[in-house]
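**Q** fold the following.
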Amino acid sequence: MSNLEKQPAETWAEPEPASAALSPHPEIITAREVPLGGPRAMTVHRTLPSKQRTLIGAWCFVDHYGPSDVSVTGGMVVPPHPHTGLQTVSWLFEGEIEHRDSVGSHSFVRPGELNLMTAGRGISHSEISTEATTTLHGVQLWVALPEHSRRTEPFFETHAAVPLRLGAADIRVFVGELGGASVGATTFTPLVAAEIRLSSGGRTEIPLRPDFEYGVLVDTGAVTIDGSAAIRTELAYLGPGRTSVKLSTGQSSARLLLIGGAPFGEQVLMWWNFVGRSHDEVAEYRAQWQQESGAEPATDAPTPTTPDAAARPGRRARHARPRFGETDHHYAGDPLPAPELPTVRLKPRP
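**A** This is a model prediction of the structure:
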């Protein structure tokens, strides 16, 4: 999914100090509402990045949307747009989204199935909710790629979630490993993600890795997380050092999303759809996208390239020149132009 804000804020994302991470109580992060463009915009609730926290492991972006009646909102119509230095993780609770990208992938995002796109050195893609969709409900997550992997060739993969039962919880693991259930999705740092459902009055204890930090997003209902109450759209942060988390509901059922990973350990710059390391790098990405998408005239500046990624079963990849490749966008509209960069250099804030 693209960040459709016309004036996106730059975010320098980095691990929190150890003293903050080791708090014994969950830290509740309140979402901010972001309209996804146009007068019939579908509103998303964004909890990462936030003023409180910018990273949970390598997870750097969490947009939670729906349930939305597409006859009112118009559904999701996101024309081709670029990404660099990240992976997009698409997870639906309800509805269907058609995905196309510049490495030739054509896939349908459906509930219970992970769609994972590794942007690496650069990719473009589009996302359109299908005619079969009446209600759209899900999350879009981004994962920052570490320095050693962020220039990899782009590729795309899909995986079915693996079911798991822990106490009163029905769980679907879709990234990494949890409670003995694992999914073979490609990750470049240790990660986990799972959907958790609890019926009314339900209780469970989820095993955690003490070297991970975690976030618990409340999709529906209200839940108590290690003694702290959290409601719909809120994200509870759990720092490293925990071996488990206790979840319980009251009179209503609840659906949660668990994400986690090893503290990232690197500072990254996020602006619009790009994850980089410096102002000049992000400015270069923007200029290349504007030229390749036809939004601005081409220049004589060379386009950096990297060697092809090794072929891997179940993945589609190709050597793409220029950086972002081409996406079949006739059905989705013209590529999105990049917003204007801020008038000052993007640099870490003290």
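
**Q** contacts only, for Ile97.
**A** Contacts for Ile97 were tallied using Cβ atoms under 8 Å, 6 or more residues apart in numbering; they are 76, 90, 108-109, 127-130, 133, 136, 138. Every C-beta, even on glycine, is put in place using the N, C-alpha and C of the backbone.

**Q** let's go with 6 Å and repeat that
**A** Counting by Cβ atoms under 6 Å, 6 or more residues apart in numbering, Ile97 touches 109, 127, 129.

**Q** pick the one among the residues you listed closest to Thr224.
**A** Val109 (31.1 Å; Cβ to Cβ).

**Q** what is the neighbour count of Arg209?
**A** 18 (other Cβ atoms under 10 Å).

**Q** look up phi and psi at it.
**A** phi -90, psi 130 (degrees, to the nearest 10).

**Q** so what pLDDT did it get?
**A** Note for Arg209: predicted pLDDT of 97.

**Q** do you know how far it is from Gln52?
**A** Applying Cβ to Cβ, to the nearest Å, one obtains 22 Å for the distance of Arg209 from Gln52.

**Q** need the contact list for Asp226.
**A** Taking Cβ under 6 Å, 6+ apart, we find Asp226 in contact with 26, 245-246.

**Q** what phi and what psi does the backbone show at it?
**A** Taking degrees, to the nearest 10 as the convention, Asp226 sits at phi 50, psi 40.

**Q** okay, it and Leu198: tell me how far apart.
**A** Look at Asp226 and Leu198: by Cβ to Cβ, they are 14 Å apart.

**Q** related to what we said a few turns ago, Asp63: which of the contacts of Ile97 is nearest?
**A** Looking across the contacts of Ile97 and measuring by Cβ to Cβ, the closest to Asp63 is Glu127, at 11.9 Å.

**Q** tell me, how many residues neighbour the closest one?
**A** 23.

**Q** which strand or helix spans it?
**A** For Glu127, the host element (DSSP states H and E) is strand 123-129.

**Q** partners of that strand, with directions?
**A** strand 77-83 (antiparallel), strand 97-101 (antiparallel) (DSSP bridges).

**Q** now the closest residue to Glu16 other than its chain neighbours: phi and psi?
**A** Spatial nearest neighbour of Glu16, excluding adjacent residues (Cβ to Cβ, 6 or more residues apart in numbering): Arg53 at 6.5 Å. When read as degrees, to the nearest 10, the backbone of Arg53 gives phi -160, psi 140.
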